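In: below is the structure, and that's it, no one-letter string:
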């Protein structure tokens with residue numbers, strides 16, 4: 001199984017760019033890009049919280065999922 005971050009899909013649904021999210025969260029654009037492309041080997045919990053808060057997500061399952 002793998003952990004999949006649904007950030008790219010969520011940004012599309014909200015008509016938001018990676019750059020806009022980076023500015024709103026204070027995270028580096030590179031960090032947002034790596035999360036969107038699922039290339040990070042570790043995910044910082046604080047980053048997930050900032051992203052979830054910014055996107056108005058209250059259920060973490062909207063942001064991450066386990067895939068086979």
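Out: Great, that's in hand. The structure presented is a predicted model; accordingly, all values stated were derived computationally and were not measured.
In: all strands of the protein, in order?
Out: Here the chain has its strands, by DSSP state E, at 2-5, 64-67.
In: which one of the ones you listed lies nearest to residue 54?
Out: Residue 54 lies closest to strand 2-5 among the strands of the chain, at 14.3 Å (Cβ to Cβ). Quick note: C-beta positions are derived from backbone N, CA and C, even for glycine.
In: given that closest one, what are its sheet partners and their directions?
Out: strand 64-67 (antiparallel) (DSSP bridges).
In: list the buried residues for the strand it pairs with?
Out: By neighbour count on 16 or more other Cβ atoms under 10 Å, the buried set for strand 64-67 is empty.
In: touching that strand from outside, list them.
Out: Identification of contacts with strand 64-67 by Cβ atoms under 8 Å, 6 or more residues apart in numbering yields 1, 2, 3, 4, 5, 6, 43, 48.
In: how far out from the middle of the chain is it?
Out: Using Cα atoms, centre = their mean, to the nearest Å, the distance from the centre of strand 64-67 to the centre of the chain it belongs to is 12 Å.
In: again with stretch 34-41
Out: Computed by Cα atoms, centre = their mean, the chain-centroid distance of stretch 34-41 equals 9 Å.
In: that one: which residues count as buried?
Out: Using 16+ other Cβ under 10 Å as the test for burial, stretch 34-41 gives 34, 35, 36.
In: can you redo those as CSV with pLDDT?
Out: Conversion of those to CSV gives the following (pLDDT from 0 to 100):
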residue, pLDDT
34, 97
35, 97
36, 97
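In: which of those lies closest to residue 17?
Out: Nearest to residue 17 among the buried residues of stretch 34-41, with distances taken as Cβ to Cβ, is residue 36, at 10.3 Å.
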